[in-house]
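Asker: model the following, please.
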Amino acid sequence: METTIGLTKGSTETNIVISGAQLLTHWQGHRGVTRRVIEAFPEHELFNYSIGGMRPFSQLVMEMLGMAVPGVKGVITGKWDNAGDTFSQVPPATKQDLLNLWDDTTKQINELWPQIPLHRFQEIDLAFGLYEGPLYFIIFYWIDNEIHHRGQGYVYLRSLGIEPPPFWERTA
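Answerer: From the prediction side, this is the model:
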């Protein structure tokens with residue numbers, strides 16, 4: 001039998017460690033910190049500043065946004081839009097427009113999330129045709145990806161002499 005991320009394909013685990021609502025709260029707490037990182041950037045640097053060949057933070061934000069709503073829709077329906085197109089989208093022209101897009105995405109996530117059938121969190125799926133595993137694990141990947149890119153944003157901010165927001169203050 002093939003196993004993926006600790007589960008055997010076709011198995012369903014009934015022990016719940018946290019609820020779907022708690023997972024959403026956890027993710028939205030991280031999204032709140034990331035929003036404050038976006039706010040902390042000076043306008044020009046948000047779109048142009050880079051260290052060591054890394055992408056500007058606005059492009060990293062677009063990657064996060066590219067997985068968020070299409071990902072939640074995929075978890076709900078099992079149909080995965082090609083997020084790759086969204087990853088390469090050009091960011092909005094201003095910091096305020098990027099923040100507005102972030103806020104709209106947050107609202108959409110909150111509206112869509114309750115539609116996720118509970119059993120879907122344990123099902124194995126191929127998200128975006130790229131990532132295979134139990135859907136709870138795929139959601140953790142999105143959160144981990146956001147934390148990773150936010151860390152890059154922290155490095156950028158510190159190199160610009162700007163104190164980043166406290167990462168432990170995870171309020172949406």
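Asker: what helices or strands is the top helix by length along the chain leaning on?
Answerer: The helix that spans the most residues within the chain, counting by DSSP state H, is helix 135-159. Packing contacts for helix 135-159, counted by 3 or more Cβ pairs under 8 Å, 6 or more residues apart in numbering; DSSP states H and E, involve helix 20-40, helix 57-77, strand 124-127, strand 131-134. All C-beta atoms are positioned from the backbone trio N, CA, C, and that covers glycine.
Asker: shaky segments in the chain?
Answerer: Flagging of the chain using pLDDT under 70 yields the residue ranges 1-15, 82-88, 172.
Asker: please redo it, this time with the cut-off set to 90
Answerer: 1-19, 81-91, 129-131, 166-172 (pLDDT under 90).
Asker: and Leu24, how far is that from Glu111?
Answerer: Leu24 sits 11 Å away from Glu111, going by Cβ to Cβ, to the nearest Å.
Asker: what's the answer for Lys95, then?
Answerer: Using Cβ to Cβ, Lys95 is found at 25 Å from Glu111.
Asker: and Trp142, by the same measure?
Answerer: According to Cβ to Cβ, Trp142 and Glu111 sit 17 Å apart.
Asker: which one of these two has more residues nearby?
Answerer: Neighbour comparison, Trp142 and Glu111: the larger count goes to Trp142, with 18 against 11 (by other Cβ atoms under 10 Å).
Asker: give me the spatial nearest neighbour of the more buried one, chain neighbours excluded.
Answerer: Leaving out its chain neighbours, the residue that sits closest to Trp142 by Cβ to Cβ, 6 or more residues apart in numbering is Met67, at 5.1 Å.
Asker: residues near that neighbour, how many?
Answerer: For Met67, the count of nearby residues is 22 (other Cβ under 10 Å).
Asker: same deal with Glu63?
Answerer: Residues lying near Glu63 (other Cβ under 10 Å) number 18.
Asker: ok, now the one 3 residues further on?
Answerer: A count of nearby residues for Gly66, using other Cβ under 10 Å, gives 21.
Asker: go ahead and confirm it touches Gln89.
Answerer: Yes: using Cβ atoms under 8 Å, Gly66 is in contact with Gln89, at 7.0 Å.
Asker: for Trp168, give its distance to Gly52.
Answerer: From Trp168 across to Gly52, the span is 27 Å (Cβ to Cβ).
Asker: kindly report the same for Lys79.
Answerer: Distance from Lys79 to Gly52, counting by Cβ to Cβ: 38 Å.
Asker: now Lys73
Answerer: Lys73 is 34 Å from Gly52, by Cβ to Cβ.
Asker: those two: who's more crowded?
Answerer: More neighbours surround Lys73 than the other of Lys73 and Gly52, with 17 against 6 (other Cβ under 10 Å).
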